[in-house]
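Peer 1: predicted model follows, preceded by the sequence.
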Amino acid sequence: MPQDAYTASPACTEFLRHHKKIFNTKDLKTYFVRRVALIVARYGLSAMGWEDAFTMSHGQPIPISELGAKDVVSQAWYNIWESGLAHRAYQYANAGYKVCQDERKPFWRFPFDMVA
């Protein structure tokens, strides 16, 4: 979900009015992920999600201490070198996350590599 997806939502505006610790709609995703991770932790489970789920609106990982889950696994998928974000797997690992390195850019050029 794009960081600004909830900007024009009347429901989100109303929610923000009642939750003064959340300053703007871009922070709603982080609020939601924290809540889900705490629920998961209550059942002794690990939390796992795409790296962008654990990325705050300013681009840094949510501090692992705020998630409360036994383990938090970030699936680093936006790792295309040309994007400038290939370092994210390291960023999450260094922040205390377990990391599953997913490959976004295919190693083949289907259907061209299928030609005999």
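Peer 2: Here it is on my side, so go on.

Peer 1: for stretch 48-64, buried residues please.
Peer 2: Neighbour counts over stretch 48-64 (16 or more other C-beta atoms under 10 Å) mark Met48, Glu51, Asp52, Ala53, Phe54, Thr55, Pro61, Ile62, Ile64 as buried. For glycine as for every other residue, the C-beta is placed from the backbone atoms N, C-alpha and C.

Peer 1: before we move on, what about stretch 34-43?
Peer 2: For stretch 34-43, the neighbour count (16+ other C-beta under 10 Å) marks Arg34, Ala37, Val40, Ala41 as buried.

Peer 1: what is the nearest of those to Lys21?
Peer 2: Lys21 lies nearest to Arg34 out of those, by C-beta to C-beta, at 11.0 Å.

Peer 1: where does the protein have low pLDDT?
Peer 2: When residues are selected by pLDDT under 70, those of the chain lie in 1-4, 81, 104-116.

Peer 1: biggest helix in it by residues?
Peer 2: The longest helix of the chain (DSSP state H) is helix 28-42.

Peer 1: can I get it in CSV, CA atoms only?
Peer 2: Presented in CSV, the C-alpha positions along helix 28-42 are these (Å, rounded to 0.1, in the frame of the first residue of the first chain):
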residue,chain,number,x,y,z
LEU,A,28,-1.3,4.6,10.0
LYS,A,29,0.5,1.6,8.4
THR,A,30,3.1,1.6,11.1
TYR,A,31,0.4,1.8,13.8
PHE,A,32,-1.4,-1.2,12.2
VAL,A,33,1.8,-3.3,11.9
ARG,A,34,2.7,-2.6,15.5
ARG,A,35,-0.8,-3.7,16.6
VAL,A,36,-0.7,-6.9,14.6
ALA,A,37,2.8,-7.7,15.8
LEU,A,38,1.7,-7.3,19.4
ILE,A,39,-1.3,-9.6,18.8
VAL,A,40,1.0,-12.2,17.2
ALA,A,41,3.4,-11.9,20.2
ARG,A,42,0.6,-12.6,22.6
